[in-house]
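Asks: coordinates for the following, if possible.
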Amino acid sequence: FFSLFCATFPMQEMAMKPVVLHLYRSLLRKARIATKGQSHLFRFQREPNAELWGKGFMYDLKYDRKLVQSITPSSVHSFIDNKYPFDPSTWNDNVGEKKLHAEYYPDYMKDPRFDYAWLDVTKEEKLAQTVSTNSTPKSSALYSKNRDKDVSTKQTAAHDDSGTNSHEDDDDGSSATLEHGSIINEYDYYRLRCTLNRIFHHYKHETDLTKIQALVNDGFAVLRELDDQIDMNARTSISEANGIRVIATSAYIPNIVGHDPYKPYSFTYRIRVENHGHAWVQLLGRHWIIEDTNGNKEVLDRFQPGVVGLQPQLDPGDVFVYGSGTFMATAQGKMYGAFQFNKMDGELFEVPVATFALHARIDAQDVIPPESIS
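Replies: I've put the predicted structure just below:
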């Protein structure tokens, strides 16, 4: 890579080459750190915040592309594989609203055999067996749902009198490829490395110092973004069972006061439930175990009804996201548990949520002392 730059750039640009080479190597090292030793694939995501606390909504997978573009510099956009078309005019807060509420409430509380059969889920060491290190399988309903939409759109456009397809190109001018690749915000080291290689390969014959400087600026922005994403992924767990994937991410929210003055540390967590299976399911209830570093354990019993007041229904390929929070007496802790679901035929099943960390990066002024709370 360095020899290519030496052969390409004139002598007055020699000062730029070591910077670009160092940046390229730093990005590769950071990409390896981001993906090495993970119990799941590296995922781009936004930091959870208190705005989602107590709320839930249905989420369309194609908006993952917009998420990645909003948190990474513009130079990488044209090199991201598996681009989904994004039309901001079609997005509104009411998308999927009718799926968020239960149509019926099965009499599941009177079946003690179900609760007994899943006692092992409360044992944290058992949860590690459910964590997947694989990418989303191509058989996932999340692919077929979006692929079917794309095919339907193209068939409709083919019969249009104008003979044009408004969805043929993405909003950045490149064509969408729904038939292959991985979910857009899901990466392993190979995909990150290929993305970086394509970017620098594109610029290897560039002699315009302004463009090279823009590449360097974007590269350092990517380094900072990877650091933030690495930190978030350390507070994330991904679990799979029965075709359902649950992604949990926590964040510390300072200066929020709870009911207990001796629990001054407030955390929010975002839960993303993806239906990769090919059958309708409904989220019925939840079960949480929250532990702090003092050994205190708070248990929310199994089958606490719904989440944030909702019992969402997920068709194949649907994604449900909600936010909630908790308070602790210590600055560090952990959380794990399970969700209970049922199928169309009334069969109950449970999806465990693997342990995710609750970790507060705090300043002295962030914690409100108990004696100051009346």
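Asks: what about the stretch 151-300 of the chain, any weak spots by pLDDT?
Replies: The model of the stretch 151-300 of the chain has pLDDT under 70 over residues 151-183.
Asks: the stretch 1-150 of the chain too?
Replies: Within the stretch 1-150 of the chain, the segments meeting pLDDT under 70 span 1-17, 37-39, 77-95, 102-135, 143-150.
Asks: recalculate using a threshold of 50.
Replies: 1-15, 82-84, 104, 107-110, 112-113, 117, 150 (pLDDT under 50).
Asks: would you map the strands across this structure?
Replies: Counting by DSSP state E, residue ranges of the strands within the chain are 42-43, 56-59, 186-187, 236-241, 244-252, 265-275, 281-292, 297-305, 313-314, 319-328, 332-343, 348-359.
Asks: mind putting those in TSV, distance to Leu209 included?
Replies: (Each C-beta comes from the backbone N, C-alpha and C, glycine too.) Below are the strands of the chain laid out as TSV (distance: least, CB to CB, whole Å):
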stretch	distance to Leu209
strand 42-43	33
strand 56-59	42
strand 186-187	31
strand 236-241	39
strand 244-252	40
strand 265-275	42
strand 281-292	54
strand 297-305	58
strand 313-314	51
strand 319-328	43
strand 332-343	47
strand 348-359	42
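Asks: can you put these in JSON lines and add mean neighbour count and distance to Arg25?
Replies: Converted to JSON lines, these look like this (neighbours: other CB atoms under 10 Å; distance: least, CB to CB, whole Å):
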{"stretch": "strand 42-43", "mean neighbour count": "22", "distance to Arg25": "19"}
{"stretch": "strand 56-59", "mean neighbour count": "20", "distance to Arg25": "36"}
{"stretch": "strand 186-187", "mean neighbour count": "21", "distance to Arg25": "19"}
{"stretch": "strand 236-241", "mean neighbour count": "23", "distance to Arg25": "27"}
{"stretch": "strand 244-252", "mean neighbour count": "22", "distance to Arg25": "30"}
{"stretch": "strand 265-275", "mean neighbour count": "23", "distance to Arg25": "33"}
{"stretch": "strand 281-292", "mean neighbour count": "21", "distance to Arg25": "40"}
{"stretch": "strand 297-305", "mean neighbour count": "14", "distance to Arg25": "45"}
{"stretch": "strand 313-314", "mean neighbour count": "22", "distance to Arg25": "43"}
{"stretch": "strand 319-328", "mean neighbour count": "21", "distance to Arg25": "36"}
{"stretch": "strand 332-343", "mean neighbour count": "21", "distance to Arg25": "34"}
{"stretch": "strand 348-359", "mean neighbour count": "21", "distance to Arg25": "30"}
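Asks: those strands: which one's closest to Lys138?
Replies: For Lys138, the closest of these is strand 186-187, at 12.9 Å, according to CB to CB.
Asks: what's in contact with that closest one?
Replies: Residues outside strand 186-187 that contact it (CB atoms under 8 Å, 6 or more residues apart in numbering): Ala34, Thr35, Leu41, Phe42, Arg43, Phe44, Ser135, Thr136.
Asks: pretty sure Thr136 is touching Asp188, no?
Replies: No - Thr136 is not in contact with Asp188 according to CB atoms under 8 Å; the separation is 11.6 Å.
Asks: picking up where we left off before, Thr207: which of the strands of the chain is closest?
Replies: With CB to CB, the closest approach to Thr207 among those belongs to strand 186-187: 31.4 Å.
Asks: fine by me, thanks again.
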